[in-house]
Structure formats: C-alpha cells, structure tokens
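Enquirer: Pasting a predicted model and its sequence here:
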Amino acid sequence: GAVVSQHPSRVICKSGTSVKIECRSLDFQATTMFWYRQFPKKSLMLMATSNEGSKATYEQGVEKDKFLINHASLTLSTLTVTSAHPEDSSFYICSARDLAGVINEQFFGPGTRLTVL
Amino acid sequence: AQKITQTQPGMFVQEKEAVTLDCTYDTSDQSYGLFWYKQPSSGEMIFLIYQGSYDEQNATEGRYSLNFQKARKSANLVISASQLGDSAMYFCAMREGQRYGGSQGNLIFGKGTKLSVKP
C-alpha cells in the first residue's frame, strides 16, 4: 500500500521554541493532506486540511498563527508549531489521500510525539 | 451530536475467538464511506477495511469483516480468530460525500475501542 512518512518521530523542545514536522507521501501524489492531533487515550482530532499550492483550512478552535501549515509540493506538507508551550505536547499525525486509489483511501504517517518542556 | 459513536471503551476477547466492535454513525448524506483503523501502541494508524454506502455486500478483508446495517446506521467490525497481535485501539471513521467529493475528504473518527486479546 501507499506510504506516508513523518519526520521526526519524536521531538523534545524547550518552551518558546518552534518545531517543524514534515509529512511526505512516498509513492503517490497528494493534493490534500490532513493534520491530526491525538491526546493520550483519546481519538484523533482534525486540526487542518493542507492543500497543495493554497492556504490550509483550519478547524474551529485551531490557531492558524500557532500551527503553520505549508503544502509546498504534491508530496510534502509541513506543520510548524510556533512558540511551543507544554500544552502543545501531543501526538501529531498526518495523513494523505491517494486519489488514484480505488476508494480514496487515506494513509497515515507514523506520527510525531512532541514533548515541550 | 456525535457523527461516529463507539460505545465500548474497552473489550476483552480470548485468543482464537471472534469479537465484534460496535460503531454507529450519523449522517444525512446519501453517499459516504466507513473505515476501520487499528492503532497499536506504536501509534501508527493501520487501515483495516472500508465500506461504501452504496456497497450492497458487507466488506471483508482476511479476518476482518464489516457488518454493515444501513438502516440502523451501524458498521460493526468483526475480527475472527483473534490473535495476540490484535490487541490495540480500534477506530471507526466516516467520510461524508464520498462519491461526489462533497467534503474535502477528512475522516471523522469515533473515540475508539481498546481491544485486549487474552492468551
């Protein structure tokens, strides 16, 4: 099946710093990628939809100035957590749709565990 | 109202037995897709099975089958012959406007069910 990679898999940073997470579709083109956040033992919460070549669409309650999304190419989307604080500590998962797939399946990256000290 | 409801926070099953994980959904769309994902402790989301709203037959993928009851708006996952490696969180998800691309295609997830397989 299609593969989505995320980098880094784990990051620890100091409060006030910015962290960039990369999401790549390795063997298919993704005009749309999605960024989710997951708290421990909770479900995935959609943060934003990343569209190649245009601005991301943020879900209600998600600060666009804090969570910067750039979808620069058909295979790469980045999420930058700016001025991170401990409450931003979470598991961030990206996913991408393979529009050429039979069922428009949505593939997920392995996730990035962010810890803000 | 919740779009996806998984009423079982946790389930136990004996190895080699079958288990059913419940999922009900709420949508006014005629066209939608239903998905089940497995999330082991490593965190990766693993796609298991898909059911389209227009599919007349229940989907099956190996040991996984989806008991789709459209009138009741339920899409239960059945895992046959459970294995220890099946222990994980299981999420039911829905995408509305599937066929006509009415939405941007994001998945709406339920709260998940933690399945534990006992040896």
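Expert: Arrived safely. Residues are numbered from 1 along each chain as shown, chains lettered A, B, ... in the order given.
Enquirer: contacts and neighbour counts: CA atoms only from here.
Expert: Noted.
Enquirer: and residue B:37, what does it touch?
Expert: Each residue near residue B:37 by Cα atoms under 8 Å, 6 or more residues apart in numbering or on different chains is listed here: B:45-49, B:90-93.
Enquirer: Please list which of the residues you listed are also close to chain A.
Expert: The subset of the contacts of residue B:37 within reach of chain A, by Cα under 8 Å from any Cα of the partner chain, is B:45-47, B:91.
Enquirer: ok, and the most crowded of these?
Expert: Highest neighbour count within the ones next to chain A among the contacts of residue B:37, by other Cα atoms under 10 Å in any protein chain shown: residue B:91, with 29 neighbours.
Enquirer: one step back: pipe the contacts of residue B:37 into a markdown table and attach secondary structure per row.
Expert: Putting these into a markdown table (DSSP: H, G, I helix; E, B strand; the rest coil) gives the following:
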| residue | secondary structure |
| --- | --- |
| B:45 | coil |
| B:46 | strand |
| B:47 | strand |
| B:48 | strand |
| B:49 | strand |
| B:90 | strand |
| B:91 | strand |
| B:92 | strand |
| B:93 | strand |
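Enquirer: and which of those residues is nearest to chain A?
Expert: Nearest to chain A out of these is residue B:45 (Cα to the nearest Cα; 5.8 Å).
Enquirer: you'd agree that closest one is up against residue A:106?
Expert: No. The criterion here is Cα atoms under 8 Å, and residue B:45 misses it with residue A:106 at 10.1 Å.
Enquirer: Quick one: list the elements packing against the helix or strand of chain A with the lowest mean pLDDT.
Expert: Within chain A, confidence by mean pLDDT, DSSP states H and E is lowest for strand A:106-108 among all helices and strands, at a mean of 87. Based on contacts counted as 3 or more Cα pairs under 8 Å, 6 or more residues apart in numbering or on different chains; DSSP states H and E, the elements that strand A:106-108 packs against are strand A:90-97.
Enquirer: count of residues packed around residue B:22?
Expert: Count around residue B:22 with other Cα under 10 Å applied: 18.
Enquirer: Just to check, it is in contact with residue B:73?
Expert: No. Using Cα under 8 Å, residue B:22 is not in contact with residue B:73; the gap is 11.0 Å.
Enquirer: Please work out how many residues are found near residue 14.
Expert: Looking at chain A here, since you left the chain open. As a burial measure, residue A:14 scores 14 neighbours (other Cα under 10 Å).
Enquirer: To clarify, I was referring to chain B.
Expert: Residue B:14 has 15 nearby residues by other Cα under 10 Å.
Enquirer: give the contact list for the nearest residue to it once chain neighbours are set aside.
Expert: Distance criterion Cα to Cα, 6 or more residues apart in numbering or on different chains; nearest residue to residue B:14, sequence neighbours excluded, is residue B:118 at 4.8 Å. Going by Cα under 8 Å, 6+ apart, residue B:118 touches B:12-15, B:84.
Enquirer: Okay then, goodbye and thanks.
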